[in-house]
Structure formats: structure tokens, C-alpha cells
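Peer 1: got a structure for you, letters missing:
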Ligand code: CP3
């Protein structure tokens, strides 16, 4: 069997049509997702119900035939498995019990004790490995230590990640120990996803853009490099996609510095800039602005062609620069796919 297109692109091949999937492709813009989520009761119950989580993972594959499926779960399930309570406020987002003191840090579970909580996630992966079409690649994922730490320290999402920056400046030892613990637990978590059948893993560093200078090296580059080295030691050849969102100049050299096989670009950088500065080192993923899937029309077609054209001379996986939003129109997603595949 010829290798799956996503794996070929990750291996550095330039394909005539870039493979395509979409961040948050299982989500609220799809009526079938909303129905399954209602059946589960709430978002976390959906994540922890393997049959339903597998079902919502498969929905966008059935509807659109994307080249990859991403496990349906959340980056905050790993910190939850370390001990802190997690809940979601309807219409607002996640809330977590905070970890800011050495005592609270010491009270977290050791990394080897996360699997009881996370076992349903591995079961979702096993179901998907059985049920996905043969051509579809299964992507597992986790949050990067910095992004996960911002939620653990701040207790919620924020625009500037002020609480995490403050702990980093006032109690470096506790902050660094938390980053190390998350990194070590992430290796265990991703390794179990791979054993269950994930063929690629992606590290989401959604808040990497607020780390500047040495902090970016210390807390975005180094933890990613450490996680990737450990994973590849256990699972030789396992491809990794890294997403240091809004890293700007930090994207340059990120693949080399971390040994990531692919760097996902957000839409604050132009595709031409990405091709010249990041794709020179290997595969890139991205980076259509998700707003186009709300507005659609000729602007969507033009922007999609622009992304494909700019990245056509190197290995490329077509994706959005960030997750699709709940107000996107499912018909616009089809138009994007037809444009990528049909020219
Ligand atoms: O389809 C997929 O992409 C796979 C599943 C997935 C989800 N979250 C499901 C989800 C993935 C890969 C994530 C990653 C994630 N989760 C990130 C990193 C990527 C990013 O968006 O920057 C972050 C920061 C989180 C934390 C998180 N989860 C937030 C901040 C929120 C609330 C914001 C929102 O969109 O509502 C969530 C909830 C969440 N995670 C939803 C989904 C489908 C919406 C939940 C719902 O159905 O109500």
C-alpha cells in the first residue's frame, strides 16, 4: 500500500495536491457534533466517553473525507489527570484549580499515575485506529508545557498569560519544576496514544507568542525538544507536528531546534514568509485564516489558492492558522476542500 499522504508530506515529499485537515474539525460548527455533544451531556463527558468521542472524531471524516483525523480530546485533560479540578463554563471556557505554590506542586500526582484518568482517551484512540478509513492518518496530541502551565497557574485562559509570567519572574524554581513535570507527563501521555494507534502527534503551544527572547528558548523550544527526543527514542520515526502559535521570528529554526518534522503556522505570518523562512527546513502546516470559513465566497477561494500556491515548492499540509470557529458555515469548508483538491 502506498503510504498515507499526510505521512508522505511529513517525510518531506512534495505532493501535487497538499493533504488537508483542519484544527477543531470536530466541533460546534457541525450539527452532528452538537447532537452528539447533547447526547453526552457536556464537553468533558464527551471527551471521556470513548464511543462518543470516536464518533465526533469520525464525523468530519465522513462528511468531508479529510486526510487526517485528530483525536477528540482536550489539552486540559492531562493537567486534570495530575490532580487539579477542571470544569468548563458555558460560553466562557475552561476553569482549573490553580497551582502556584511549592506545596501545591508537591501535591500533584506523579507522572506515572495519570493513566487511570486518561484510559478512556487511549480507548478512543484504539477505536479510531480500527474504524478510520485506510487512507486517513490518525493524529494524537497534547498541549505544550508552557500553554498547559498558563491554565494551571492562571486557572483560566487569558489574553496575556499574566499569572504564568508573574510566577516565572517571582518563583522561577516552582515555575520550572512545573514545566518539567508537565513535559515528563506529556511524554507518558503521548507515548500511550502512540501505543494505542496514533500515527502522528501534535504539540499545541497556543500561547507561545507571549514568550520573548530567552524565555522562548527556555520554555517553548527546550521543552518541545525534550518531549520530541523522548518520544522518538521510544517510538523511532514517529512524526511530530509542533505549533508554537504566534511565535513570529521564533518559527525560524524551530524545526531544527526541536527535531519536529513539521511546524504549523498561524495566520499572523504570510504564506510567502512561511515558505521562505520555515518551509526551507521541512514540512509546514497551515495557514488559512479561519475567518474565511465564516465569510466564504470568492475571498475564501482566492485565499485558499494563495496558501496552496505559496507552499507548492515544498512539503505542505493544508490547514487553518487556528481552529475553525463555531459560527463557520459547513458549506464553506467544502468549498475550501474543493479549491485545494480541484485547483
Ligand atoms: O477537532 C480537534 O481539533 C480535536 C479536539 C481538540 C479540542 N481542543 C476540542 C475542543 C483539540 C486539539 C483542542 C486543543 C485545545 N484545547 C487547545 C489548543 C489549540 C487552540 O485552540 O489554541 C486549547 C488552548 C484548548 C483549551 C480549550 N478547550 C479552550 C480554551 C476551550 C474553550 C474555547 C472554545 O472553543 O470553546 C476548549 C473547549 C473545546 N475543546 C471545544 C472543543 C471542540 C469546544 C467545547 C464545546 O463543545 O463546547
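Peer 2: Perfect, I can see it now. Fair warning: this is a prediction, and the values are worked out from it, not measured in the lab.

Peer 1: Please name the nearest non-neighbouring residue to residue 314.
Peer 2: residue 279 (4.1 Å; C-beta to C-beta, 6 or more residues apart in numbering). All C-beta atoms are positioned from the backbone trio N, CA, C, and that covers glycine.

Peer 1: quick one, helices of the stretch 101-250 of the chain?
Peer 2: 102-106, 115-131, 145-154, 162-170, 172-196, 213-216, 222-234 (DSSP state H, counting those that start in this stretch).

Peer 1: about what we covered before: quick check: phi and psi at the residue nearest to residue 314.
Peer 2: phi -70, psi -20 (degrees, to the nearest 10).

Peer 1: Who are the contact partners of it?
Peer 2: Under the criterion of C-beta atoms under 8 Å, 6 or more residues apart in numbering, the neighbours of residue 279 are 311, 313-316.

Peer 1: And for residue 228?
Peer 2: Here residue 228 is in contact with 203, 240, 242, 258-260 (C-beta under 8 Å, 6+ apart).

Peer 1: so what's it scoring on pLDDT?
Peer 2: Per-residue confidence (pLDDT) for residue 228: 98.

Peer 1: what do you get for residue 86?
Peer 2: 98.

Peer 1: What distance do you get for residue 218 to the ligand?
Peer 2: Computed with C-beta to the nearest ligand atom, to the nearest Å, the distance linking residue 218 and the ligand is 21 Å.

Peer 1: Tell me how far the residue nearest to residue 188 when sequence neighbours are not counted lies from the ligand.
Peer 2: Ranked by C-beta to C-beta, 6+ apart and with sequence neighbours excluded, the top spatial neighbour of residue 188 is residue 111, at 5.3 Å. Counting by C-beta to the nearest ligand atom, the separation of residue 111 from the ligand is 20 Å.

Peer 1: same check, this time on residue 277
Peer 2: Where the ligand is concerned, residue 277 sits at a distance of 22 Å (C-beta to the nearest ligand atom).

Peer 1: Residue 250 is in contact with that residue, correct?
Peer 2: No. Contact status for residue 277 versus residue 250: not in contact, 10.9 Å apart, counting by C-beta atoms under 8 Å.

Peer 1: between these two, which one's more packed in?
Peer 2: Comparing residue 277 with residue 250 by other C-beta atoms under 10 Å, the one with more neighbours is residue 250, at 20 against 16.

Peer 1: Enumerate the residues of this structure near the ligand.
Peer 2: By C-beta under 6 Å from any ligand atom, the residues of the chain that approach the ligand are 23-28, 37, 43, 70, 72, 74-76, 93-94, 141, 157, 204, 206, 323.

Peer 1: Show the buried residues in those residues.
Peer 2: When the residues of the chain next to the ligand are checked for burial by 16 or more other C-beta atoms under 10 Å, the buried set is 23-27, 37, 70, 72, 74-76, 94, 141, 157, 204, 206, 323.

Peer 1: and those residues, which of them are in strands?
Peer 2: Judged by DSSP state E, strands contain the following of these: 70, 94, 141, 204.

Peer 1: who touches the third one in this structure?
Peer 2: This points to residue 141. 70-71, 73, 75, 190, 193, 201-204.

Peer 1: Check the first one too.
Peer 2: Taking C-beta under 8 Å, 6+ apart as the criterion, residue 70 is in contact with 21, 23, 25-26, 57, 139, 141, 202.

Peer 1: Can you tell me which of those residues lies closest to residue 289?
Peer 2: residue 23 (12.0 Å; C-beta to C-beta).

Peer 1: Name the nearest residue to that closest one, ignoring sequence neighbours.
Peer 2: Per C-beta to C-beta, 6+ apart, closest to residue 23 is residue 323, 4.3 Å.

Peer 1: And that neighbour, how far from residue 122?
Peer 2: The spacing between residue 323 and residue 122, counted by C-beta to C-beta, to the nearest Å, is 23 Å.

Peer 1: Could you do residue 76 as well?
Peer 2: Counting by C-beta to C-beta - residue 76 and residue 122 are separated by 17 Å.

Peer 1: Ramachandran coordinates for the closest residue to the ligand within the chain?
Peer 2: Taking C-beta to the nearest ligand atom as the measure, the point where the chain comes nearest the ligand is residue 206, at 3.2 Å. The phi/psi pair for residue 206 (degrees, to the nearest 10) reads phi -60, psi -30.

Peer 1: who's in contact with it?
Peer 2: So residue 206 contacts 75, 143, 147, 243, 245 (C-beta under 8 Å, 6+ apart).

Peer 1: ditto for residue 146
Peer 2: Here residue 146 is in contact with 164, 179, 205, 207-208, 211, 219-220, 223 (criterion: C-beta under 8 Å, 6+ apart).

Peer 1: Recalculate using a threshold of 6 Å.
Peer 2: Residues in contact with residue 146 (C-beta atoms under 6 Å, 6 or more residues apart in numbering) are 205, 219-220.

Peer 1: From residue 338, how far out is the closest residue to it other than its chain neighbours?
Peer 2: Once flanking residues are discounted, residue 146 sits nearest to residue 219: 4.8 Å by C-beta to C-beta, 6+ apart. According to C-beta to C-beta, residue 219 and residue 338 sit 41 Å apart.
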